[in-house]
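structure of the sequence below:
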Amino acid sequence: MAVDFETEIKQLRATMASVREVTDLDRLQGTITALEEQASEPDLWDDVDNAQKVTSALSRAKAEHDKVTGMDARIDDLEALVELGVEENDAETLQEAERDLTKLKKDVEQLEVRTLLNGEYDEREAVVTIRAGAGGVDAADFAEMLMRMYLRWAERHDYPTAVLDTSYAEEAGLKSATFEVKAPYAFGTLGIEAGTHRLVRISPFDNQGRRQTSFAAVEVIPLIESDDSIDIPETELKIDVFRSSGPGGQSVNTTDSAVRMTHIPTGIVVSMQNEKSQIQNRAAALRVLQSRLLLQRKQEEDAMKKEMAGDVKASWGDQMRSYVLHPYQMVKDLRTGHEVGSTAAVLDGDLDDFIDAGIRWKRAQEKAED
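Numbering: from 1, shown residues only. Reported below is the predicted structural model:
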């Protein structure tokens, strides 16, 4: 069946018109101009931290602007290619246009999903924590598989990451791990991944080759920013120091540089051991603790609003995805119904379709509750 290029291109332009309206390119250009003025100040690098924030913000704003305007240019190029193929009656050119159309539709859909990320903290960078659940050594191995999956996803998108803490299990895998994803909208994008993940496979740790079900929990919080009003009195903190360790408990430092920080009123515990000094680990732990308290405050406010409205519902994040490697191959999101058979690709970071479907589902749920 021949592709209706005219209709498809018209739909792409309509979608991009909506994207441009939400993105507000004029406002974005104003932000770029202001940041460029700051970046051109001769004394900018007298304050290295501030200089890095300015240059990073400028780079992100330009990338956002170019992503939208570049998509418009690609649609124009596609339209020109179609016109050439029709005029020349060139089947090969039209086949190329069809391939370009398929790729362009996917990219425009992903850009459209970004416009749905309008929550209070959606534009923040993210802190992701993965914890092994029920399932013994298989669960610890699964936690490590999930960590690799998310780091590979970030790598595919050229998003910088920083591992903050890793607690290794005795036999294999991880008890827990925490890492940052340093990209705009990382929290809004990855927030849909929070919840309980389930793995079904023939256990490589079972000498009888039996099928094993194991679980791991994923937590995603927005990274704290300097203007957030989260002050924690020293009297509310219990701070312990210990020696950092690698796989199998092997010491990787000769000093007690790792930090465990407990927020006494809430019982929230944060451990950091991947920085070189105790001071750095303490600062990183405090930042993550503040981020968790920030999100907790937002969740409590939302829960109070729902309770006042008489509409209290269970969290959407629990038991959210299954990864089945035996007796068949399938990854299925239990909320959206989205599923694929290429389990190896998903575990290697091919998550965009799951994330996009999840964001659309979550926004539909929120709209239904309003």
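
surely Ala177 forms part of a strand?
Yes - applying DSSP: H, G, I helix; E, B strand; the rest coil, one finds Ala177 inside a strand.

make 544 the first number, not 1, from now on.
From this message on, residue numbering opens at 544, which makes the last subject Ala720.

who's in contact with it?
Under the criterion of C-beta atoms under 8 Å, 6 or more residues apart in numbering, the neighbours of Ala720 are Thr672, Ile673, Ala686, Glu687, Met690, Val706, Asp708, Thr709, Ser710. For the C-beta atoms, the positions are set from N, CA and C on the backbone; glycine is no exception.

was I right about the first one contacting Lys718?
No - between Thr672 and Lys718 no contact is recorded; they are 11.3 Å apart, counting by C-beta atoms under 8 Å.

more neighbours: which of the two?
Set Thr672 next to Lys718 and count neighbours by other C-beta atoms under 10 Å: Thr672 wins out with 20 against 16.

the strand or helix carrying the more buried one packs against which elements?
Assignment of secondary structure by DSSP states H and E places Thr672 within strand 669-675. Other elements packing on strand 669-675 under the criterion 3 or more C-beta pairs under 8 Å, 6 or more residues apart in numbering; DSSP states H and E are helix 679-699, strand 717-724, helix 729-733, strand 754-765.

how about these in JSON lines, adding mean pLDDT and distance to Asn661?
Written out in JSON lines, the entries for those read as follows (pLDDT from 0 to 100; distance: least, C-beta to C-beta, whole Å):
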{"stretch": "helix 679-699", "mean pLDDT": "96", "distance to Asn661": "22"}
{"stretch": "strand 717-724", "mean pLDDT": "93", "distance to Asn661": "19"}
{"stretch": "helix 729-733", "mean pLDDT": "92", "distance to Asn661": "8"}
{"stretch": "strand 754-765", "mean pLDDT": "91", "distance to Asn661": "14"}
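
and those, which is most packed in?
Ranked by mean neighbour count, the helices and strands packed on strand 669-675 are led by helix 729-733 with a mean of 25 (mean count of other C-beta atoms under 10 Å).

what is the helix or strand just after that helix packed up against?
On the C-terminal side of helix 729-733, the nearest following helix or strand under DSSP H and E is strand 738-745. Other elements packing on strand 738-745 under the criterion 3+ C-beta pairs under 8 Å, 6+ apart are helix 679-699, strand 754-765, strand 864-867.

chain center to the longest one: distance?
Looking back up the chat, that one is helix 679-699. Helix 679-699 has its C-alpha centroid displaced from the chain centroid by 14 Å (C-alpha atoms, centre = their mean, to the nearest Å).
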